[in-house]
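[1] Whatever this is, show me its structure:
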Amino acid sequence: MKLNKLIAGLFILATFAAHADDFTYNCTQRTDRSPVDPKVGAISVTVKSLKNVTKEVSFGGKYDQVYKVKLDVSKTLNKKTTKLKSFEAIATTYDVQFNVWANKEHGVGMYIYLDELDESGITLTDATGKKTKISLDCGEENNQ
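    Prediction:
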């Protein structure tokens, strides 16, 4: 068991070490964990790296890398896709976590766990302060 955890840990470290600065995460709503609201539709999110800014910024908390990213949040209802939000933000990686920090500015907090547990998700805050947490299924697309 310890050997399996060691191998998994080394794989994750190698993944981050080899993590290209040019990447895209495409995420779709996990309907098995977050049922689709029939009035809103299914949520999808795309996170595209713009630049690795680790050496250029001082960001509070623990992190391995810091990226400037573009985040697009869309909904699909009745086969029609509508973009809800599109903005640039700061994202950090630490161990197996990838986080987008945009709660105050855009009402969006997003996290991706790059491990076998696949506990990725997004929290959307509306104008009234109501928060909606949506589980996501995310895959990485290497843009190189």
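
[2] Next, the buried residues of the strand of greatest length in the chain.
    With secondary structure taken from DSSP state E, the chain has its longest strand at strand 80-94. In terms of neighbour count (16 or more other CB atoms under 10 Å), strand 80-94 has its buried residues at 89-93. For the C-beta atoms, the positions are set from N, CA and C on the backbone; glycine is no exception.

[3] Repeat that for stretch 100-114.
    Buried, per 16+ other CB under 10 Å, within stretch 100-114: 100-102, 106-114.

[4] so of the residues you listed, which ones are in strands?
    Per DSSP E, the buried residues of stretch 100-114 map to strands at 100-102, 108-113.

[5] which one of those is nearest Thr24?
    Distance to Thr24, by CB to CB, is smallest for Ile112 among these, at 11.9 Å.

[6] pretty sure that closest one is touching Ser135, no?
    No - the pair Ile112 / Ser135 is not scored as a contact, 11.4 Å apart, by CB atoms under 8 Å.

[7] so what sits against both of these two?
    Listed as contacting both Ile112 and Ser135 by CB atoms under 8 Å, 6 or more residues apart in numbering are Ser120.

[8] tell me which element the closest residue in space to Phe23 that isn't next to it in sequence falls in.
    Nearest non-adjacent residue to Phe23, counting by CB to CB, 6 or more residues apart in numbering: Ser49, 5.0 Å away. Taking DSSP states H and E as the definition, Ser49 sits inside strand 42-52.

[9] Parallel or antiparallel, list what pairs with that strand.
    Using DSSP bridges, the strands paired with strand 42-52 in its sheet are strand 23-29 (antiparallel), strand 65-77 (antiparallel).

[10] which residues touch it?
    Outside strand 42-52, the residues that touch it by CB under 8 Å, 6+ apart are 21-29, 31, 36, 65-77, 81, 84, 88, 91, 100, 110, 112, 122, 124, 134, 136, 138, 143.

[11] quick one: it to strand 108-113, angle?
    Counting by axes from the mean of the first three to the mean of the last three CA atoms, to 10 degrees, strand 42-52 lies at 80 degrees to strand 108-113.

[12] which intervals of the chain have sub-threshold pLDDT?
    Across the chain, the ranges flagged by pLDDT under 70 are 1-20, 59, 117, 142-144.

[13] hmm, try it at 50
    Scanning the chain with the threshold set as pLDDT under 50 gives 1-18.

[14] Thanks a lot, catch you later.
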